[in-house]
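[1] let's see this in three dimensions:
(chains A and B)
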Amino acid sequence: MPHRPFVPWPHKALRTPAQDVGAITDEIRTLWDEMIEAMDAMPGVGLAAVQLGVPLRLAVVDASDKRGQAVRMANPVILHKSIELRRHEEASPNLPGVSAPLDRPRAVTVRFLNADGVYDRQDFVGLWATSVQHQIDHLDGRMYFDNLSRTKRAMLIKKARKLQG
Amino acid sequence: MAGRPFGESFLGQMKGEAMRIVFMGTPDFSVPVLEALLAAGHDICAVYSQPPRPAGRGKKDRPGPVHARAEALGLPVRHPVSLKGVEVQADFAALDADVAVVVAYGLILPQSVLDAPKRGCLNIHASLLPRWRGAAPIHRAIMAGDARTGVCVMQMEAGLDTGPVLLCSEIAIEQGETTGRLHQRLSKLGAQSIVDALAQLDDLTPQPQPDEGVTYAAKIDKAEARVDWSRPASEIARQINALSPFPGAWTMAGDERIKLLQAAPAQLPWPQGEVHVSHNHLTVGARPIVQAGDPFGSVVINRLQRAGKKPATVSDVLRGWTPPHNFT
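    As a prediction, this is how the structure comes out:
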């Protein structure tokens, strides 16, 4: 089943904080499946619902070696961040063709509503942690490049515009 | 039918009677066929194989896979350089065989050889004839993006893979399947098909090949192997999988020539040739989306081989190598 398309930045959904999810319904489960499909087609290591234009606090993350180990989360909140940082070249299908290296905490502890509809608490390390933080940025209406300096951010957007012609 | 075990299991299943067979084959593809015929209880009176060629370290003459296996099995092996000579043809006829089974032998059989066995010569061809007649049917099927392929057992004629077909078995080509893997699956399927065909030889009616749908699988030319990142992503992925493991599609990573061995098209568009490193794969930009029907903009590389190293998964290669920003 094809997934709905990625909305192009600066779509409103990408710049507005998303809504909390009340309960895990079948509708939410279907949406998670669609998000995993979109993530695998990129391929990427995570996806937030807002990237498909759905303004809900839903994310999927899969940085496993063999794939197929996606963690489904709703209403994720970071409880703890490590002091040690990790650098990763981040990118987004919502502004294709560009990427930028970003330093983020190497490990995070996250609380979220899991696929069974109960609150769960989980530690993420390395690429998993980078991806979770990148998705939570999305749910707060921020893109990864909103963490860059003003000049670097402007250069990145300009480059992306040029690629689109 | 695919995946039925070989070996002893066939002994109890003999339907037809044991035949006196000349086996003609050279590469790896033919070995499981030879083994299946033996296991089915047939009498292999001679094995024809191409003469030993220089190969491997030291470039000494080495016997081909069929030649080596046949000797290990204690079968008489003949390896004439050509079958055109009168003497060679007389030797062949003197075998007084019921049938000759020809699988990727690599030499042209003259009419007198085709006529010598009582029930003619049967050939196993790795495609659904008349599609992909010729030398490289497996490569071409993957390169063309075919969804299905198979093996056909045909009665040989003088023309190139034009003979009437006795039996065909079909299988689906898997997503991202390489020639290497499909080759193994078709080789097993071919072994099973020939055993089945021989068992029912009296009941099978050879069907002439239709005139429509004929395509030719030209030999793979090494000049086809370089990746052109300005091509569409799905086409590049098919090229990489079709040429894997041999000769291997390649690209330049800086000054280093690397072989790309397993790939899939992906959605994320990147500038052409630009390399993006992930934890277990590389994503390389290809021609951006032109038609709406093709949602792919980049190629994901899962396996590669650096110059002078062994083939490995990208996650292994990345432990100790930082690829350049661009492949050219």
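[2] remind me which residues of chain A are low pLDDT?
    A:1, A:165 (pLDDT under 70).
[3] tell me where the chain has helices.
    All of this refers to chain A. Along chain A, counting by DSSP state H, helices occupy A:26-41, A:127-139, A:150-164.
[4] that's the wrong chain, I meant chain B
    B:31-39, B:65-72, B:86-94, B:111-115, B:137-143, B:179-199, B:233-242, B:314-317.
[5] nearest to B:Met156, of the ones you listed?
    helix B:111-115 (5.7 Å; C-beta to C-beta). Every C-beta, even on glycine, is put in place using the N, C-alpha and C of the backbone.
[6] what does that closest one rub up against?
    Here helix B:111-115 makes contact (C-beta atoms under 8 Å, 6 or more residues apart in numbering or on different chains) with B:83, B:89, B:92-93, B:100, B:120-121, B:156-158.
[7] repeat that for 10 Å
    For helix B:111-115, the surrounding residues in contact (C-beta atoms under 10 Å, 6 or more residues apart in numbering or on different chains) are B:22, B:24, B:48, B:83-84, B:86, B:88-90, B:92-93, B:100, B:102, B:107, B:109, B:120-121, B:155-158, B:163.
[8] circling back to that earlier point, got JSON lines for the helices of chain B, with mean neighbour count too?
    Shown next, in JSON lines, are the helices of chain B (neighbours: other C-beta atoms under 10 Å in any protein chain shown):
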{"stretch": "helix B:31-39", "mean neighbour count": "21"}
{"stretch": "helix B:65-72", "mean neighbour count": "19"}
{"stretch": "helix B:86-94", "mean neighbour count": "14"}
{"stretch": "helix B:111-115", "mean neighbour count": "15"}
{"stretch": "helix B:137-143", "mean neighbour count": "24"}
{"stretch": "helix B:179-199", "mean neighbour count": "22"}
{"stretch": "helix B:233-242", "mean neighbour count": "24"}
{"stretch": "helix B:314-317", "mean neighbour count": "18"}
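[9] of all those helices, which one comes closest to A:Gly22?
    helix B:314-317 (39.4 Å).
[10] buried deepest among the helices of chain A, which one?
    Compared across the helices of chain A, helix A:127-139 shows the largest average neighbour count, a mean of 24 (mean count of other C-beta atoms under 10 Å in any protein chain shown).
[11] so who does the residue nearest the centre of chain A touch?
    By C-alpha atoms, centre = their mean, the mean C-alpha position of chain A lies nearest to A:Gln135, the distance being 2.3 Å. By C-beta under 10 Å, 6+ apart, A:Gln135 lies in contact with A:45-51, A:57-61, A:73, A:76, A:110.
[12] measure the residue lying closest to it once chain neighbours are set aside to B:Tyr105 for me?
    Of all residues not flanking A:Gln135 in the chain, A:Ala59 sits nearest, at 3.9 Å (C-beta to C-beta, 6 or more residues apart in numbering or on different chains). In this view, A:Ala59 and B:Tyr105 are 58 Å apart by C-beta to C-beta, to the nearest Å.
[13] those two: who's more crowded?
    Using other C-beta atoms under 10 Å in any protein chain shown, the more surrounded residue of A:Ala59 and B:Tyr105 is A:Ala59, with 31 against 22.
[14] my guess is that one contacts A:Ala74. True?
    Yes: counting by C-beta atoms under 10 Å, A:Ala74 is a contact partner of A:Ala59 at 7.9 Å.
[15] check what pLDDT B:Ala36 gets.
    If you check B:Ala36, the pLDDT there is 95.
[16] try the one 4 residues further on
    Looking at B:Ala40, its pLDDT stands at 93.
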